[in-house]
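1. Generate a structure from the sequence data that follows.
(one chain, ligands or ions: 2)
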Amino acid sequence: MMIEYKNIYKSFGSLEVLKGIDLNVEKSEVLCIIGPSGSGKSTLLRCLNHLERITAGEIYVEGELIDANDNGHNQLKLPQHKMAEICSELGMVFQRFNLFPHMTVLENVITGPMTVKKETKEAIIPYAEELLELVGLSDKRDEYPSRLSGGQQQRVAIARALAMKPKIMLFDEPTSALDPELVGEVLEVMKKLARDGMTMIVVTHEMAFAREVGTRVVFMDEGVIVEQGDPKEFFDQPKTDRARAFLRKIV
Ligand code: ADP
Ligand code: MG
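-> Ligands and ions are numbered 1, 2, ... in the order given. Have a look, this model is predicted:
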């Protein structure tokens, strides 16, 4: 089991956004999370790398307890080096690409391994070049982000996350900020990763991607998992009224 969420609750003040989430992700799964805006999808991902701390429940990454809370008691304090280690196993790609503007494409890809993992430039460059080839951007190696399209920037962001050799890739609406004609090239890279056996959690509105590439779909609404299952079954025959209503709106 790569990730286990056990009875997760999360509140922001009086606003409860996660209300008892139980979810496991196995190795090489491509778990697609869908659901209306505000249903808690991003928060659920952000709890994995402590961008948010849970209010109750337990989270395990590869069997290791990374967060625990019993309504304010026993909130787990991990030593910083331990947390850094766990975070380096989780590659995260956001809606906004957040590349370093003053660094070239190659520099963006190698900076993580160099600063966090203390790898030498010489050691990491060949791997970075492989990754740029994987995302189809070998020719943009020495370009600055501002000279790239949104789709290209997002592909650099994926290469940059992969450079840390993560065991799990987390995608939070990676194509939502892109012009429609640029969405496909990013999804194509994600498809490749899935084919190579990468464990992935993908929050997305791309239903065709979820259907084709997802090994499982989770439908969230108002802080709970309303329904989950095989993507084709879910899209063809949703079991709940809430899922049916959601799918009617977006398709
Ligand atoms: P989704 O990704 O499904 O759109 P989010 O997880 O981003 O949903 O947000 C769930 C709810 O939590 C929303 O109502 C949002 O406004 C609220 N929320 C998210 N982050 C914070 C925060 N840091 N402080 C206060 N409220 C937040
Ligand atoms: Mg979100």
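
2. Span of stretch 162-169 from start to end?
-> In stretch 162-169, first residue to last residue: 8 Å (CA to CA, to the nearest Å).

3. Okay, the most centrally placed residue in the chain and residue 140: tell me how far apart.
-> For the chain, the residue nearest the mean C-alpha position is residue 170 (1.5 Å; CA atoms, centre = their mean). Using CB to CB, to the nearest Å, one obtains 24 Å as the distance from residue 170 to residue 140. C-beta: built from backbone N, CA, C; applies to glycine.

4. How much space separates the residue nearest to the centre of the chain from residue 236?
-> Noted for residue 170: a distance of 27 Å to residue 236, by CB to CB.

5. what does residue 188 give?
-> 25 Å.

6. Could you check which of those two is surrounded by more residues?
-> Neighbour totals were compared for residue 188 and residue 236, and residue 188 leads with 14 against 9 (other CB atoms under 10 Å).

7. what helix or strand is the more buried one on?
-> helix 180-195 (DSSP states H and E).

8. I'd like the next helix or strand past that helix.
-> Next helix or strand after helix 180-195 toward the C-terminus (DSSP H and E): strand 199-203.

9. so what strands line up beside that following strand?
-> Strand pairing for strand 199-203, using DSSP bridges, gives strand 30-34 (parallel), strand 168-172 (parallel).

10. Pick the most deeply packed of these.
-> Ranked by mean neighbour count, the strands paired with strand 199-203 are led by strand 30-34 with a mean of 26 (mean count of other CB atoms under 10 Å).

11. Would you mark the buried spots in the helix or strand that that strand is followed by?
-> On the C-terminal side of strand 30-34, the closest following helix or strand by DSSP H and E is helix 41-46. Under the neighbour-count criterion of 16 or more other CB atoms under 10 Å, helix 41-46 has 41-46 buried.

12. can those residues go into CSV with extra columns for pLDDT and distance to residue 105?
-> Formatted as CSV, these follow (pLDDT from 0 to 100; distance: CB to CB, whole Å):
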residue, pLDDT, distance to residue 105
41, 98, 29
42, 98, 26
43, 98, 31
44, 98, 31
45, 97, 25
46, 96, 26
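
13. which of these are close to ligand 2?
-> 41-42 (CB under 5 Å from the ion).

14. Output the buried residues of helix 41-46 as TSV; include the columns distance to residue 5.
-> Converted to TSV, these look like this (distance: CB to CB, whole Å):
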residue	distance to residue 5
41	13
42	14
43	12
44	7
45	11
46	12
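
15. Of the buried residues of helix 41-46, just say which sits nearest to residue 106.
-> Closest approach between the buried residues of helix 41-46 and residue 106, by CB to CB: residue 45, at 27.6 Å.
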